[in-house]
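Visitor: Here is a sequence together with a model predicted from it:
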Amino acid sequence: MKYIVSNNSNKKFNFTYILLNSLSSKGKLFIPFNKVKVNFSLVFKKLKNQKFYKYVIFILKKYMTKNEFNNLCIKKYTKKTFKDMGLNNININKLFFIKKKVYLLKLSENYTNSFKDISINLITNIINNYCIKNNKKISFICATSGDTGSACEYSLIDKNMKIFVFSPFKKVSLFQEYQMFKINKKNIFNISIKGNFDNCQFLVKRNLNLFKFQTLNSINLSRILIQMSYYLYSYIFLYNKYKNTDISFFIPTGNFGNVYSSFMLKKIGIPIKKIIFSTNENNYLCNYFQGYKSIKKIYYTNSPSMDITIPSNLERYKFNYKNNFYIKGIFCSKKNRAKTIINIYNNNNYIIDTHTATAMYSTRFFKTKISIVLETAKYIKVIKSIKKIIKIKNKKKYFNKKKYFLFNKKDYNKIYNFLYINDIKNK
């Protein structure tokens, strides 16, 4: 298996390279060069009664050589990662029954209550092992609109690797801030930027190659590959129940990474019927897929992890297909998010968060035999907004005790010097 850059198909890279180098030297994203194809019937027979980590191994084996698989100890650390997370049994991310043939894929029952824990913990375990075996030192840099930051920091608490997390100043929820800023470790640096997520992501891409950093954002293709596994798991779970391939996914999105993972799974031969993504008021993606011109103005909403107007992974999708009939987008307003949360709470006695609500809302617009809605975060992530929608008791207050480092979005030299002093100079 080889990989190419989205704007240049001449030079080829192996999996180990793209795992350790998130961007090309010119700031472009990596995509698979070789076409992967599977027979769904054979995949179903092989995986239908297997534990979740076997799904991850199945996917990753398709995207690297046998030598890389063995040298990176993929099997060992995949099994260990999900065992440590308590996600090593067949009930991983079990599907919560909402109504007839609409299921909630609960991806948020992890360390930081976010779907991002699943891929990020595995990646850091694999890279940490690589560094120890090869006497290497790697530092990470990432941008977060709320959830990526805490997932990255938690995964590196006990590892000898530094991370610099860029978040938009006061543009993530109080609980999301609390999760990040409460971690008081010498290898973890929280950097707040006076700007938005797009500014943070720009700064990450700007500094990635300057410092030879690695990132755990979905810019890193290995995250996309690992995320394919829970789509495969849930698809097989419901196919086994109904023996029907008319199964569609409904996905809340900001940076388009989760959607692209499902797209890749369909592309290799899993017969997903439709892929429906949902956005909040920052509906650049909806406009793009409907052929409208988008104004890249950002709105700050009660679903902050989706407050993004420059989705990185769209670059990968554009390279593969300019148009595709089975990917559609739905915009969900603040009012409709609230109505959806109230409806689910009243009828199911279950609370979904403001991001998941956008995807649940979109199910009403498509006739599908079986629908899988992704729960990408727990409602506690946006508890302040939830308490304005439904009456729930939560008296706990979240205070940020750890300091963060504050910069303006165009403080390029100051940020460069900060990274140099705290990383290169101290290695």
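Guide: Good, I have the coordinates. Numbering: from 1, shown residues only.

Visitor: From residue 368, how far out is residue 68?
Guide: According to Cβ to Cβ, to the nearest Å, residue 68 and residue 368 sit 38 Å apart. Every C-beta, even on glycine, is put in place using the N, C-alpha and C of the backbone.

Visitor: try residue 353
Guide: If you measure residue 353 against residue 368 using Cβ to Cβ, the figure is 22 Å.

Visitor: Ok, residue 231 next?
Guide: Taking Cβ to Cβ as the measure, residue 231 falls 15 Å from residue 368.

Visitor: Give the rounded mean pLDDT of the longest helix along the chain.
Guide: In the chain, with assignment by DSSP state H, the single longest helix is helix 221-242. Helix 221-242 comes out with an average pLDDT of 95.

Visitor: Mind listing what's buried along that helix?
Guide: Buried residues in helix 221-242, defined by neighbour count with 16 or more other Cβ atoms under 10 Å: 221-239.

Visitor: what's the helix or strand for residue 316?
Guide: Assigned by DSSP states H and E, residue 316 belongs to helix 314-320.

Visitor: could you say what helices and strands that helix packs with?
Guide: Judged by 3 or more Cβ pairs under 8 Å, 6 or more residues apart in numbering; DSSP states H and E, helix 314-320 is in contact with strand 30-32, helix 257-268.

Visitor: quick check: mean pLDDT across that helix?
Guide: Mean predicted confidence for helix 314-320 is 88.

Visitor: Equivalent analysis for stretch 78-97, please.
Guide: Stretch 78-97 comes out at a mean pLDDT of 72.

Visitor: cool, and stretch 282-289?
Guide: For stretch 282-289, the per-residue pLDDT averages 90.

Visitor: who touches it?
Guide: With Cβ atoms under 8 Å, 6 or more residues apart in numbering as the contact definition, stretch 282-289 has outside contacts at 253-254, 256, 277, 279, 293-294, 296, 298-299, 301, 306-311, 314, 327-331.

Visitor: Weed out the non-buried ones from those.
Guide: Buried among those (16+ other Cβ under 10 Å): 253-254, 256, 277, 279, 298, 301, 306-311, 314, 327-331.

Visitor: In three-state terms, label residue 200 for me.
Guide: Assigned with DSSP: H, G, I helix; E, B strand; the rest coil, residue 200 falls in the helix class.

Visitor: Also the one 3 residues further on?
Guide: Here residue 203 is helix, with the state taken from three-state DSSP.

Visitor: now it, nearest residue through space, not along the chain?
Guide: The shortest distance from residue 203 to any non-neighbouring residue, by Cβ to Cβ, 6 or more residues apart in numbering, is to residue 166 (5.6 Å).

Visitor: The nearest residue to residue 353 once chain neighbours are set aside: neighbour count?
Guide: Nearest in space to residue 353, with sequence neighbours left out and distances taken as Cβ to Cβ, 6+ apart, is residue 379 at 4.3 Å. Residue 379 has 27 neighbours, counted by other Cβ atoms under 10 Å.

Visitor: Equivalent analysis for the one 3 residues further on, please.
Guide: For residue 382, the number of neighbouring residues by other Cβ under 10 Å comes to 27.

Visitor: Touching, it and residue 174? I think so.
Guide: No - using Cβ atoms under 8 Å, residue 382 is not in contact with residue 174, being 9.2 Å away.

Visitor: State the distance from residue 22 to residue 28.
Guide: 11 Å.

Visitor: Report all helices and strands that the host helix or strand of residue 356 contacts.
Guide: Using DSSP H and E, residue 356 sits in helix 354-362. Applying 3+ Cβ pairs under 8 Å, 6+ apart, one finds that helix 354-362 contacts strand 247-252, strand 275-279, strand 327-331, helix 334-348, strand 370-375.

Visitor: would you list those in JSON lines and tack on mean pLDDT and distance to residue 260?
Guide: Output for the helices and strands packed on helix 354-362, formatted as JSON lines (pLDDT from 0 to 100; distance: least, Cβ to Cβ, whole Å):
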{"stretch": "strand 247-252", "mean pLDDT": "96", "distance to residue 260": "10"}
{"stretch": "strand 275-279", "mean pLDDT": "97", "distance to residue 260": "10"}
{"stretch": "strand 327-331", "mean pLDDT": "92", "distance to residue 260": "10"}
{"stretch": "helix 334-348", "mean pLDDT": "95", "distance to residue 260": "23"}
{"stretch": "strand 370-375", "mean pLDDT": "94", "distance to residue 260": "13"}
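
Visitor: For residue 129, which of these is the nearest?
Guide: For the helices and strands packed on helix 354-362, proximity to residue 129 was assessed by Cβ to Cβ; strand 370-375 is nearest, at 29.3 Å.

Visitor: Who does that closest one pair with, and is each partner parallel or antiparallel?
Guide: Sheet pairing for strand 370-375, assigned by DSSP bridges, gives strand 102-106 (parallel), strand 247-252 (parallel).

Visitor: Go ahead and report the secondary structure state at residue 167.
Guide: Counting by three-state DSSP, the backbone at residue 167 sits in strand.

Visitor: Give the bridge partners for it, please.
Guide: residue 192.

Visitor: quick one: pLDDT of the residue nearest to residue 203?
Guide: pLDDT at residue 166 comes out at 98.

Visitor: element containing residue 172, please.
Guide: Taking DSSP H and E as the definition, one finds residue 172 inside no helix or strand.

Visitor: Am I right that it is in contact with residue 306?
Guide: No - taking Cβ under 8 Å as the definition, residue 172 is not a contact partner of residue 306, at 11.6 Å.

Visitor: Overlap of the contact sets of the two?
Guide: residue 145.

Visitor: Could you list the low-confidence segments of this structure?
Guide: The model of the chain has pLDDT under 70 over residues 88-95, 295, 322-326, 395-402, 425-427.

Visitor: Once you drop chain neighbours, what's closest to the residue nearest to the spatial centre of it?
Guide: Taking Cα atoms, centre = their mean, the centroid of the chain lies closest to residue 116, which sits 4.8 Å from it. Counting by Cβ to Cβ, 6+ apart, residue 151 is the residue found nearest to residue 116 once chain neighbours are left out, at 4.0 Å.

Visitor: Confirm that neighbour sits in a strand?
Guide: No - using three-state DSSP, the assignment for residue 151 is helix, not a strand.

Visitor: That one is in contact with residue 117, isn't it?
Guide: Yes - under the criterion of Cβ under 8 Å, residue 151 makes contact with residue 117 at 5.0 Å.

Visitor: hey, what's in contact with both of those two?
Guide: Residues touching both residue 151 and residue 117 by Cβ under 8 Å, 6+ apart: residue 111.

Visitor: which of these two has more neighbours?
Guide: Counted by other Cβ under 10 Å, residue 151 and residue 117 do not tie: residue 151 has more neighbours, with 27 against 24.
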